[in-house]
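Undergrad: Have a look at this prediction, sequence included:
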Amino acid sequence: MNPSYFAPARLSTIESPYIIGDSPQMVDPLSEIVNLLRPHAVFTKGISGAGPWGVRYSHFGHPSFAIVIEGSCRLAVDGQTELVLNAGDFVLLPTTPGFTMSGFEQVTPTFIDPHAAANAAGEIRHGRQDGPPSVRIMGGYFLFGCDDSGLLLSLLPEQVHVRGVERLSTLVRLLIDEASSNRSGRTLVLTRLIEILLVEALRLTQTQEAPAGLLRGLGDARLAEAIRQMHANPARQWTMADLAKEAALSRSAFFVRFARNVGMPPMEYLLSWRMALAKDLLSQQGIEIAEVAERVGYGSASTFSTAFSRHVGQPPGRFARGSSSKHQATA
């Protein structure tokens with residue numbers, strides 16, 4: 001993402017890939033977040049189960065996804081309501097906490113180290129090893145390229161479950177086919193496919209029935225307008241009255257509605273978004289702290305440094321140096 005896009009309008013005329021239509025103010029917050037997360041490095045595999053079977057995976061940390069090809073099973077993710085997954089069901093776990101997956105017979109789950117399982121080749125079979133499986137699943141995991149995805153992931157649901165959407169099935173099949181090939185351009189294709197998969201899965205849960213978070217906020221037409229304006233103009237000196245006006249609500253009604261649907265007060269959301277943008281800008285070489293401060297709505301470098309240190313836990317200069325070291329080591 002071109003960092004100039006996040007500058008105030010008077011500093012930049014560069015078009016953003018996330019502008020919708022002809023209006024520079026009509027940005028897509030969901031696409032911006034996925035872009036900042038920079039998903040890449042896709043790994044896929046097949047999983048099947050037969051007879052009495054059950055497995056328990058410990059916390060993995062990386063985002064993972066799965067789609068049921070045939071049959072059914074149970075999935076119990078830590079802290080979430082247990083699901084019965086049927087053919088066509090898609091699940092996305094942005095941070096993949098511990099979970100148990102099993103058939104429908106009572107068994108003691110077999111413990112599996114997710115890091116070891118991630119390196120396994122070929123299809124993994126649970127339970128009875130011969131005969132037809134009672135469930136077949138295709139899934140995998142990927143990585144986020146941003147230095148600290150925590151701020152962004154806190155805006156997304158911990159579990160996304162979508163039933164019977166053919167577009168997701170098609171995307172997963174394309175991912176698996178591309179991941180198993182060695183064609184030129186493979187890395188770029190996989191990166192674009194996983195970005196599309198993330199946006200597609202997340203926007204399908206962008207409703208007022210979603211758990212409190214960004215997706216539920218975007219599912220409310222009035223709140224969505226205020227959220228889009230925060231993303232379009234992070235450098236603006238927003239007040240509660242300004243944001244309430246964008247949502248066509250009174251200040252008190254806007255505050256209550258935003259906090260209930262997004263899970264945090266409006267100004268806290270704005271601060272989180274500004275800090276996420278600041279971290280992305282600081283991780284790029286050649287951008288001064290004063291310029292970052294201006295782009296994310298602070299009148300001085302010192303004011304920004306104080307806010308950044310309080311929110312992130314370290315001064316912006318140290319964060320920038322740490323990001324630079326990580327990038328050099330990766331290179």
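TA: Everything's here; your move.

Undergrad: what residues go with each domain of the protein?
TA: Domains of the chain are assigned by automatic domain parsing as 39-203, 209-327.

Undergrad: For Pro29, find the nearest of these.
TA: domain 209-327 (4.5 Å; C-beta to C-beta). Bear in mind the C-beta positions are built from the backbone N, C-alpha and C, glycine included.

Undergrad: Dump the domains of the chain into TSV; add distance to Leu30 and mean neighbour count as well.
TA: Below are the domains of the chain laid out as TSV (distance: least, C-beta to C-beta, whole Å; neighbours: other C-beta atoms under 10 Å):
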stretch	distance to Leu30	mean neighbour count
domain 39-203	6	17
domain 209-327	7	18
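
Undergrad: Mean pLDDT added to these, as CSV?
TA: Converted to CSV, those look like this (pLDDT from 0 to 100):
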stretch, mean pLDDT
domain 39-203, 91
domain 209-327, 92
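
Undergrad: now these as CSV including distance to Glu32?
TA: CSV is the format used below for the domains of the chain (distance: least, C-beta to C-beta, whole Å):
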stretch, distance to Glu32
domain 39-203, 10
domain 209-327, 6
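
Undergrad: Can you say which of the ones you listed is nearest to Asp28?
TA: Counting by C-beta to C-beta, and looking across all of the domains of the chain, nearest comes domain 209-327 at 7.8 Å.

Undergrad: chain center to that closest one: distance?
TA: Its chain's C-alpha centre and that of domain 209-327 lie 16 Å apart, by C-alpha atoms, centre = their mean, to the nearest Å.

Undergrad: Stretch 137-151 too?
TA: For stretch 137-151, the distance to the chain centre is 8 Å (C-alpha atoms, centre = their mean).

Undergrad: Please save the CA atoms from that stretch in PDB.
TA: Only the C-alpha atoms of stretch 137-151 are listed here, as PDB (Å, rounded to 0.1, in the frame of the first residue of the first chain):
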ATOM      1  CA  ILE A 137     -11.700 -31.600   4.700                       C
ATOM      2  CA  MET A 138      -9.400 -29.400   2.700                       C
ATOM      3  CA  GLY A 139      -7.600 -26.600   4.500                       C
ATOM      4  CA  GLY A 140      -4.400 -24.900   5.400                       C
ATOM      5  CA  TYR A 141      -2.800 -21.900   6.900                       C
ATOM      6  CA  PHE A 142      -0.900 -18.800   5.900                       C
ATOM      7  CA  LEU A 143       1.200 -16.000   7.500                       C
ATOM      8  CA  PHE A 144       0.700 -12.300   8.000                       C
ATOM      9  CA  GLY A 145       3.500 -10.100   6.900                       C
ATOM     10  CA  CYS A 146       2.900  -7.100   9.200                       C
ATOM     11  CA  ASP A 147       5.200  -6.600  12.100                       C
ATOM     12  CA  ASP A 148       2.500  -6.800  14.700                       C
ATOM     13  CA  SER A 149      -1.000  -8.000  13.500                       C
ATOM     14  CA  GLY A 150      -2.500  -7.800  17.000                       C
ATOM     15  CA  LEU A 151      -4.100  -4.300  16.600                       C
END
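
Undergrad: Validate this expectation: Thr44 resides in a helix.
TA: No - with DSSP: H, G, I helix; E, B strand; the rest coil as the criterion, Thr44 is located in strand rather than a helix.

Undergrad: State the distance from the spatially closest residue to it that is not a sequence neighbour to Pro114.
TA: Nearest residue to Thr44, sequence neighbours excluded (C-beta to C-beta, 6 or more residues apart in numbering): Gly140, at 3.6 Å. Per C-beta to C-beta, to the nearest Å, Gly140 is found 12 Å from Pro114.

Undergrad: And for Leu218?
TA: 31 Å.
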